[in-house]
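got a sequence here, can you build the structure:
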Amino acid sequence: MGITQLVGNTPLLRVRVFEREFPNVEVYAKAEWFNPGGSVKDRAALSMIEDGERRGALTRNRTVIDSTSGNTGIAYALIGAAKGYRVKLVMPGNVSTERKALVRAYGAEIVYSDAGEGSDGAIRMVRELVERDPDSYFYPDQYSNPANPLAHYEGTAVEILEQTAGRITHFVAGLGTTGTFVGTSRRLKEHDASIQTIAVEPDDSFHGLEGLKHLPTAIVPRVWDPSLADEVWGCPTEPAYDLARQVARTEGLLVGHSSGAALWAVRRLAGTIREGVVVTVFPDSGDRYLSTGLYGRKT
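Residues are numbered from 1 along each chain as shown. The predicted model follows:
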């Protein structure tokens, strides 16, 4: 078995942090750090690379290139190493030390974009690089590639339906490339149109929720389909951090910033429904954010 065959089929964990407050709301989370690259982005990266292979767009003489705030880059780097492709990544200069180190460990090259311009600055830079030398690169473009949400349509959503025995009533997920939310929600609503879907974004363009995008002020991903979201909620940064710390210390679930944002939305949702089966996605583990101070604040 090769390492890429371990992508997907992640556990669905019961999360009990809100159980006393909302005893009739069952909360579950997909533990996406069980993917070999440590995040949900392994699914999309593998889907896009294998789609490129099938179409003949990715060949041995082309370098895989894309912009990333970290997790997709780690996934590209791992899959590139496993399949024998060169990988070049454009990352904002302020991504966590752990993410930079992981990408380098797999042998990928990093080009840094202006930290102040965030993920949009990285997108603009990668487009310029590809435009200058299009024949040298395979540019999956995770924000525009339908193979990104397709990974979740064919994988994540199907797993959730199986793992909940079809009992899911609400789905909550953060918005970055929007692929996880779009692909999963599309399949869930095809299965049962009554399943409610809540998308979560930062409440401001200046935020500390790494990996998430404030869509009103960002380059909107082409894969985004707002018709799939029953609600889009803006999450403040500090409450998301607080919930990430809380779930680590009370349930042993060390998760990243965006998982804290998902929990914030789950709590808000639980306050509006009497009962239900709520499923969310924990995109990654908190171990790649230790240097950011996420777990160093508030004792």
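
in the stretch 51-200 of the chain, mark out all the strands, start to finish.
63-67, 87-92, 109-113, 137-138, 170-174, 196-202 (DSSP state E, counting those that start in this stretch).

can I get those strands in JSON lines with mean neighbour count, mean pLDDT and distance to residue 186?
In this view, the C-beta of every residue, glycine as well, is placed from N, C-alpha and C. Output for these, formatted as JSON lines (neighbours: other Cβ atoms under 10 Å; pLDDT from 0 to 100; distance: least, Cβ to Cβ, whole Å):
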{"stretch": "strand 63-67", "mean neighbour count": "23", "mean pLDDT": "97", "distance to residue 186": "23"}
{"stretch": "strand 87-92", "mean neighbour count": "24", "mean pLDDT": "96", "distance to residue 186": "28"}
{"stretch": "strand 109-113", "mean neighbour count": "17", "mean pLDDT": "96", "distance to residue 186": "31"}
{"stretch": "strand 137-138", "mean neighbour count": "21", "mean pLDDT": "98", "distance to residue 186": "26"}
{"stretch": "strand 170-174", "mean neighbour count": "27", "mean pLDDT": "98", "distance to residue 186": "11"}
{"stretch": "strand 196-202", "mean neighbour count": "23", "mean pLDDT": "98", "distance to residue 186": "9"}
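
can I get the ones you listed in CSV with distance to residue 124?
Below are the strands of the stretch 51-200 of the chain laid out as CSV (distance: least, Cβ to Cβ, whole Å):
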stretch, distance to residue 124
strand 63-67, 8
strand 87-92, 9
strand 109-113, 8
strand 137-138, 16
strand 170-174, 23
strand 196-202, 20
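
which of those sits closest to residue 225?
For the strands of the stretch 51-200 of the chain, distance to residue 225 was read as Cβ to Cβ. The smallest value, 10.3 Å, belongs to strand 196-202.

between that closest one and strand 170-174, how many degrees?
20 degrees (axes from the mean of the first three to the mean of the last three Cα atoms, to 10 degrees).

nearest to residue 290, of the strands of the stretch 51-200 of the chain?
strand 87-92 (18.2 Å).

can I get that closest one in CSV, CA atoms only?
Provided in CSV are the C-alpha atoms of strand 87-92 (Å, rounded to 0.1, in the frame of the first residue of the first chain):
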residue,chain,number,x,y,z
VAL,A,87,6.6,20.9,-6.1
LYS,A,88,6.9,24.7,-5.8
LEU,A,89,4.7,26.6,-3.4
VAL,A,90,3.9,30.3,-2.9
MET,A,91,3.1,31.0,0.7
PRO,A,92,2.5,34.2,2.7
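
can you tell me the strand partners of it and which way each runs?
Using DSSP bridges, strand 87-92 pairs in its sheet with strand 63-67 (parallel), strand 109-113 (parallel).

now render the ones you listed as a markdown table, adding distance to residue 181.
What follows is these, written out as a markdown table (distance: least, Cβ to Cβ, whole Å):
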| stretch | distance to residue 181 |
| --- | --- |
| strand 63-67 | 19 |
| strand 109-113 | 25 |
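
nearest to residue 281, out of those strands?
Closest among the strands paired with strand 87-92, using Cβ to Cβ: strand 63-67, at 20.9 Å.

quick one: pLDDT of residue 299?
Residue 299 is assigned a predicted lDDT (pLDDT) of 43.

ok, which of the strands of the stretch 51-200 of the chain comes nearest residue 266?
That would be, of the strands of the stretch 51-200 of the chain and by Cβ to Cβ, strand 170-174, which comes in at 5.4 Å.

which strands and helices sit next to the closest one?
Packed against strand 170-174 by the contact rule (3 or more Cβ pairs under 8 Å, 6 or more residues apart in numbering; DSSP states H and E) you find helix 179-191, strand 196-202, helix 257-270, strand 276-282.
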